[in-house]
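Undergrad: 3D model of this:
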Amino acid sequence: MGHKELKHKTKKTKHSADDEDDENGDSDGAGDRPKYGDFEAQRHWMEITLNLPIRDWYSNTTHNDLSYWGLDYPPLTAYQSYFHGLFLRLFHPDSVSLFTSRGHESYLGKLLMRWTVLSSDVLVFFPAVLYFIIVYHTDRRSGRKSEIAWHMAMILLNPCLILIDHGHFQYNCISLGLTVGAIASILSDKDLVASVLFSLALNHKQMSAYFAPAFFSHLLGKCLRHSNPIFEVLKLGIVVLSTFAVIWWPYLHSTEAFLQVLSRLAPFERGIYEDYVANFWCTTSVLIKWKRLFTTPSLKLLSFGATISACLPSMLQQIRAPSKRGFLFGLLNSAFSFYLFSFQVHEKSILLPLLPASLLAMEEPFLHSWLTHYALFSMFPLLARDKLVLPYIALSALFFLLNRAAPNRSQGTGETNSLRSFVTAFFLFCALVLHVVYVTMNPPHRYPFLFEALTMLLCFSQFVSLTVYTNAKQWMVLKRSILGDREKKLL
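TA: Residues are numbered from 1 along each chain as shown. Modelled structure (predicted):
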């Protein structure tokens, strides 16, 4: 049995039979019975939302077997599935008919599904990025068109987002687009609008909670600087609760219905990690067998404590001295904290730290390019299983060319540049070797996941280093703010 076939079969047995969440599936799985993969998950949600009453979307019934790709995202994803299902039914009714469409993988069905992903990009993500670019560059008073165009390209042509959304039939562009809109609203001092947009992002994908500490701490810090902070906090709270109430309204008629939806959003039964993700729990499991040593409730507390501890310095900085630049770094640090330490992280979750890094690409081009390279590499085993190696290579090359065209490439001292160039070349060489080894060689029979583990270890080391760097950068924003205040007092 070949290396790839062996790994594929082993991965299949690694997941439980009731592995319902496409965010934690082992591959796209096209043509693989009995659950087929990510395409089938998204298509099935359209089938369910179109043909069943809204009260049954999250309930296990004779018409909705939750063990077969049951809905496990918040209600806004269900509404999105319904409207996209209307589009599919208009042109290809058989692709979303109840029961008979199970395993439907026609060319037209997939083409229509790709159009729903592309339309989500155009209707949500693209306008949000344009809004951010206008606000960000107006605030920076940046008039160079080349800078603005390059910055927009870096955000829109994110190779990781393109590979996941268009290769896996995902809709991360919607939740990320809503988040970008909320960030732009914060930068333009429209805090109530930001609260609505971020609440919508949370109600589309629960992973948007990776950014919640940054939004909370920044808005709280601003409220505390008003003459009536309690009133300001109440305004934001009312807006958030009202937005959640509108989205969740069909499930607020009873506690049972509300808890049924809520229970679908937290896959605690799968354990603290599953696949080879470059985060703390999975990487250290090589030495510490977390699942054997601790119960699931204990691991939930451990991961919660570690996540909060990791993002607490960033939160304190924004509560103490909220600033727009500090907020952008806070988003990155908060997302990194969740990716590295939270419960049940998927490879695709690296999209969340990558978003604020792309927003900071103008002032931190090396940070953005380095994170993008290793975010891509961290997903390589997943993408290789899904036969997306060619798109992976093409998009990596496109990103490299665009990155080389950066209008403001930082110029440090000769010694600093030489050291950084050497370190950069060394780690890129390691990544290149692992790419080649993964594709061309068989692992030892005793360690069938050796190459995935090495990839995970290398990427984890880079993510930790970047987390330390970005936390330091955020606190430097506070230091500069204090120094600036002192200079003003002296004047």
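
Undergrad: And the pLDDT for Arg320?
TA: Reading off the confidence values, Arg320 has pLDDT 93.

Undergrad: Now for it: which residues touch it?
TA: The neighbourhood of Arg320, defined by C-beta atoms under 8 Å, 6 or more residues apart in numbering, consists of 221, 478. Just so you know, the C-beta spots here come from the backbone N, C-alpha and C atoms, and that holds for glycine as well.

Undergrad: how near is it to Thr470?
TA: For Arg320, the distance to Thr470 under the criterion C-beta to C-beta, to the nearest Å works out to 18 Å.

Undergrad: And for Thr307?
TA: 16 Å.

Undergrad: Ok, Met379 next?
TA: 20 Å.

Undergrad: picking that back up, who has more neighbours, Thr307 and Thr470?
TA: The residue with the greater number of neighbours, taking Thr307 and Thr470 and applying other C-beta atoms under 10 Å, is Thr470; the counts read 25 against 21.

Undergrad: Isn't that one up against Ser334?
TA: No: using C-beta atoms under 8 Å, Thr470 is not in contact with Ser334; the gap is 10.3 Å.

Undergrad: Quick one: list the elements packing against the longest helix anywhere in the chain.
TA: In the chain, with assignment by DSSP state H, the single longest helix is helix 450-490. Under the contact criterion of 3 or more C-beta pairs under 8 Å, 6 or more residues apart in numbering; DSSP states H and E, helix 450-490 touches helix 280-284, helix 296-320, helix 324-341, helix 365-378, helix 380-385, helix 414-440.

Undergrad: try it again with 6 Å
TA: Applying 3 or more C-beta pairs under 6 Å, 6 or more residues apart in numbering; DSSP states H and E, one finds that helix 450-490 contacts helix 280-284, helix 296-320, helix 324-341, helix 365-378, helix 414-440.

Undergrad: between it and helix 414-440, how many degrees?
TA: 150 degrees (axes from the mean of the first three to the mean of the last three C-alpha atoms, to 10 degrees).

Undergrad: how about the helices and strands packed on helix 450-490, which one is nearest Val117?
TA: Nearest to Val117 among the helices and strands packed on helix 450-490 is helix 365-378 (19.2 Å), distances taken as C-beta to C-beta.

Undergrad: Let me see the residues that make contact with that closest one.
TA: Contacts of helix 365-378 with the rest of the structure, by C-beta atoms under 6 Å, 6 or more residues apart in numbering, involve 159-160, 278, 350, 354, 357-358, 361, 396, 403, 406, 431, 459, 462, 466.

Undergrad: Kindly write the ChimeraX command that selects the buried subset of those.
TA: The following ChimeraX selection, which keeps only the buried ones among the contacts of helix 365-378, applies the criterion 16 or more other C-beta atoms under 10 Å:
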select :159,160,278,350,354,357,358,361,396,403,406,431,459,462,466
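
Undergrad: and which of the contacts of helix 365-378 is nearest Val124?
TA: Ser358 (16.2 Å).

Undergrad: surely the closest one meets Met154?
TA: Yes: the criterion here is C-beta atoms under 6 Å, and Ser358 meets it with Met154 at 5.5 Å.

Undergrad: Can you report how many residues neighbour the closest residue to Thr467 other than its chain neighbours?
TA: In space, Thr467 comes closest to Phe336 once its chain neighbours are excluded; the distance is 4.5 Å by C-beta to C-beta, 6 or more residues apart in numbering. Other residues lying near Phe336 total 28 when counted by other C-beta under 10 Å.

Undergrad: Now do Phe336, the pLDDT please.
TA: As predicted, Phe336 sits at a pLDDT of 97.

Undergrad: if I look at it, how far off is Ser314?
TA: Separation of Phe336 from Ser314 (C-beta to C-beta) stands at 9 Å.

Undergrad: how much distance is there from stretch 421-434 to the middle of the chain?
TA: On the basis of C-alpha atoms, centre = their mean, to the nearest Å, stretch 421-434 sits 25 Å off its chain's mean C-alpha point.

Undergrad: can you check stretch 446-456 too?
TA: Averaging C-alpha positions (C-alpha atoms, centre = their mean) puts stretch 446-456 24 Å from its chain's average.

Undergrad: I'd like to check the angle between the longest helix of the chain and helix 365-378, please.
TA: On the basis of the same axes, to 10 degrees, helix 450-490 is oriented at 160 degrees to helix 365-378.

Undergrad: how about the helices of the stretch 101-250 of the chain, start to end?
TA: Listed in chain order, the helices found in the stretch 101-250 of the chain under DSSP state H, counting those that start in this stretch are 107-120, 126-140, 145-156, 159-167, 172-187, 191-204, 212-223, 229-248.

Undergrad: helices and strands around the first one, which ones?
TA: Okay, so that is helix 107-120. Helices and strands touching helix 107-120, by 3+ C-beta pairs under 6 Å, 6+ apart, are helix 75-91.

Undergrad: Check the longest one too.
TA: Using 3+ C-beta pairs under 6 Å, 6+ apart as the contact criterion, the neighbours of helix 229-248 among helices and strands are helix 75-91, helix 191-204, helix 212-223.

Undergrad: With mean neighbour count, mean pLDDT and distance to Leu367 added, can I get those helices in JSON lines?
TA: As requested, those are arranged in JSON lines below (neighbours: other C-beta atoms under 10 Å; pLDDT from 0 to 100; distance: least, C-beta to C-beta, whole Å):
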{"stretch": "helix 75-91", "mean neighbour count": "19", "mean pLDDT": "96", "distance to Leu367": "31"}
{"stretch": "helix 191-204", "mean neighbour count": "22", "mean pLDDT": "97", "distance to Leu367": "23"}
{"stretch": "helix 212-223", "mean neighbour count": "22", "mean pLDDT": "97", "distance to Leu367": "17"}
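
Undergrad: Pipe the ones you listed into CSV and attach distance to Ala41 per row.
TA: Putting those into CSV (distance: least, C-beta to C-beta, whole Å) gives the following:
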stretch, distance to Ala41
helix 75-91, 10
helix 191-204, 16
helix 212-223, 25
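
Undergrad: residues in contact with stretch 51-67?
TA: Around stretch 51-67, the neighbours that count as contacts under C-beta under 6 Å, 6+ apart are 18, 48-49, 71, 78, 98, 250, 260-261, 264.

Undergrad: Burial check on the nearest residue to Thr283 once chain neighbours are set aside, number of neighbours?
TA: Using C-beta to C-beta, 6+ apart and skipping the chain neighbours, the partner closest in space to Thr283 is Phe460 (4.4 Å). Phe460 has 20 neighbouring residues, counting by other C-beta under 10 Å.

Undergrad: pLDDT wise, what is Phe460 at?
TA: Per-residue confidence at Phe460 stands at 95 (pLDDT).

Undergrad: what about it, distance to Glu363?
TA: Here Phe460 is placed at a distance of 26 Å from Glu363 (C-beta to C-beta).

Undergrad: do the same with Ser303
TA: With C-beta to C-beta as the criterion, Ser303 and Glu363 are 32 Å apart.

Undergrad: Hmm, the residue nearest to Thr467 is touching Val468, no?
TA: No: proximity of Phe336 to Val468 does not meet the contact threshold set by C-beta under 6 Å, at 9.7 Å.
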